[in-house]
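Undergrad: Have a look at this prediction, sequence included:
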Amino acid sequence: MYFPYVFGRQSELRALQALNQKYAATGQVVPVIEPVVKKPNDLLRCLDLLGQAGTSAVIILNPDQGDFKNGGAAAWRKEVNVVLKKHGSLVPALKCGPKTSMKIVESFLTAYAKRRVTLLYSSPALTDAEVVKLAGTVQVSHHICLQGKMTAVQRGLLPKAKAVDIVDHFNKQARNADYSGIELFTDRHKTFNATGIGFGDYTVVGSLFQPGGGKPGAVALHVTYRHPQNKDIWVEHFVSDDIDVNTGSAASKYLEAVAKLDLAAGPRKTEFGINDALAAYAADHQSGHYPGLGKSKERQIYHHIAVMHDILHGKL
């Protein structure tokens, strides 16, 4: 099973909605959503659509980034709970960090006692004995270790049939202009079943949450593909020729980057696959259409999850 970790911004949520029927609803893709926006409308709409399709999705209910950096999740959570109650396929989740006590975890389990839940671990302050207790809790459907931030002993205590590791494989650069060429993304699709039931990543966004905005110096498209020789997953970066923030426009730079992508991906369908995101990029190249950088980010996420899905299903 594949667990893509996304932030609850509009582009990520729209990617999940677009992916839903064709990829996520198959059961092999289980999105993990960390909300970062207090206004819940986009999130509620996304969750409702996923729930209507019976799609499993994990929703972190103690977010602490973006709008939630200084707290304020209580009122937001009430609105999200309304949608969670409607759809049994949506999975409430708690991220266990340095300040998460066993008492907090037990309170969470009690609050959602009538449904399955997920626990995520990121430098948890829990004792080994407490992890053992949680590992034996039937209510917990998945135990997700984030970025390896859990001791080897405690990671080993998690039941293999419920354990998932999510690791950031995206080599994030300071500027779009700094990306170039190709690089290895992961081979975890080959090895994950030795230690757990699934694996995940932070797609082509990366684990570091950064608010967007500002005029781009360059436009970069990060597109994953299956390497033809070793079948590992690689990422190719398509960057606009114009990388000067003071020249050109986002539209002109996007069209430079998308032209490179279309020329590369078109003849290499056994590597990049065939999906709606690539088709939309190709259409933009042919028509000279600029959909906006948010839509482009949505397509990159869509494509990556589609590639992972198709690889797991033997379609790529």
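TA: Yep, that arrived. Numbers count the residues shown, from 1 in each chain.
Undergrad: Following the helix or strand where residue 47 lies in sequence, what is the next regular element?
TA: For residue 47, the element it lies in under DSSP states H and E is helix 41-52. Next helix or strand after helix 41-52 toward the C-terminus (DSSP H and E): strand 57-60.
Undergrad: Check which element follows that following strand along the chain.
TA: Moving toward the C-terminus from strand 57-60, the next helix or strand (DSSP H and E) is helix 73-86.
Undergrad: Now do that next one: everything it contacts.
TA: 35, 38, 40, 43-44, 47-48, 51, 59, 61-63, 68, 90, 92 (CB atoms under 8 Å, 6 or more residues apart in numbering). In this view, the C-beta of every residue, glycine as well, is placed from N, C-alpha and C.
Undergrad: if we go to 7 Å?
TA: 38, 40, 43-44, 47-48, 51, 59, 61-63, 90, 92 (CB atoms under 7 Å, 6 or more residues apart in numbering).
Undergrad: Let me know the angle separating it from helix 41-52.
TA: 20 degrees (axes from the mean of the first three to the mean of the last three CA atoms, to 10 degrees).
Undergrad: list the buried ones in helix 73-86?
TA: 73, 76-77, 80, 83-84 (16 or more other CB atoms under 10 Å).
Undergrad: Could I get the average pLDDT for it?
TA: Averaging pLDDT along helix 73-86 gives 95.
Undergrad: repeat for stretch 207-220
TA: Mean predicted confidence for stretch 207-220 is 86.
Undergrad: just stretch 223-231 next, same as before
TA: 96.
Undergrad: related to what we said a few turns ago, so which of the buried residues of helix 73-86 comes closest to residue 124?
TA: Proximity of the buried residues of helix 73-86 to residue 124 (CB to CB) peaks at residue 73, which lies at 19.0 Å.
Undergrad: Residue 176 versus that closest one, what's the distance?
TA: Distance, residue 73 to residue 176, by CB to CB, to the nearest Å: 32 Å.
Undergrad: Residue 75 too?
TA: Taking CB to CB, one finds residue 75 at 36 Å from residue 176.
Undergrad: can you check residue 78 too?
TA: Distance, residue 78 to residue 176, using CB to CB: 39 Å.
Undergrad: Ok, residue 21 next?
TA: According to CB to CB, residue 21 stands 32 Å off from residue 176.
Undergrad: So between those two, which is more surrounded?
TA: Between residue 21 and residue 176, counted using other CB atoms under 10 Å, the more crowded position is residue 176 (19 against 12).
Undergrad: what's whichever helix in the chain runs longest packed up against?
TA: Looking across the chain with DSSP state H, the single longest helix is helix 293-312. Judged by 3 or more CB pairs under 7 Å, 6 or more residues apart in numbering; DSSP states H and E, the packing partners of helix 293-312 are strand 2-7, helix 10-19, strand 220-226, helix 276-287.
Undergrad: Compare the ones you listed and give me the one nearest residue 122.
TA: strand 2-7 (11.2 Å).
Undergrad: one step back: now, which of the buried residues of helix 73-86 sits nearest residue 104?
TA: Out of these, the member with the shortest distance to residue 104 (by CB to CB) is residue 73, at 13.1 Å.
Undergrad: Report how many residues lie close to residue 59.
TA: For residue 59, the neighbour count with other CB under 10 Å is 24.
Undergrad: whoops, I mixed them up, residue 35
TA: Neighbours of residue 35 (other CB under 10 Å): 25.
Undergrad: now swap in residue 13 and tell me
TA: 26.
Undergrad: from memory it sits against residue 46, does it?
TA: Yes: counting by CB atoms under 7 Å, residue 13 does reach residue 46; the two are 4.2 Å apart.
Undergrad: so who does the nearest residue to residue 43 once chain neighbours are set aside touch?
TA: Once flanking residues are discounted, residue 43 sits nearest to residue 8: 5.1 Å by CB to CB, 6 or more residues apart in numbering. Contacts here follow CB under 7 Å, 6+ apart; on that basis residue 8 touches 33-37, 43.
Undergrad: which among the residues you listed end up buried?
TA: 33-37, 43.
Undergrad: need the residues you listed in a markdown table with distance to residue 97, can you?
TA: Below are the buried ones among the contacts of residue 8 laid out as a markdown table (distance: CB to CB, whole Å):
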| residue | distance to residue 97 |
| --- | --- |
| 33 | 17 |
| 34 | 12 |
| 35 | 16 |
| 36 | 16 |
| 37 | 20 |
| 43 | 21 |
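Undergrad: Put the alpha carbons of stretch 177-194 into PDB.
TA: Provided in PDB are the C-alpha atoms of stretch 177-194 (Å, rounded to 0.1, in the frame of the first residue of the first chain):
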ATOM      1  CA  ALA A 177      16.500  27.600 -10.800                       C
ATOM      2  CA  ASP A 178      18.700  25.200  -8.800                       C
ATOM      3  CA  TYR A 179      16.900  22.100 -10.100                       C
ATOM      4  CA  SER A 180      18.300  20.300 -13.100                       C
ATOM      5  CA  GLY A 181      18.500  16.900 -14.800                       C
ATOM      6  CA  ILE A 182      17.500  13.600 -13.200                       C
ATOM      7  CA  GLU A 183      18.000  12.000  -9.800                       C
ATOM      8  CA  LEU A 184      17.000   8.900  -7.900                       C
ATOM      9  CA  PHE A 185      13.800   9.200  -6.000                       C
ATOM     10  CA  THR A 186      13.300   5.800  -4.300                       C
ATOM     11  CA  ASP A 187      13.200   2.100  -4.600                       C
ATOM     12  CA  ARG A 188      11.000   1.600  -1.600                       C
ATOM     13  CA  HIS A 189       8.300   0.000  -3.700                       C
ATOM     14  CA  LYS A 190      10.600  -3.000  -3.900                       C
ATOM     15  CA  THR A 191      11.500  -3.400  -0.300                       C
ATOM     16  CA  PHE A 192       8.800  -2.000   2.000                       C
ATOM     17  CA  ASN A 193       7.100  -5.400   2.700                       C
ATOM     18  CA  ALA A 194      10.100  -6.500   4.600                       C
END
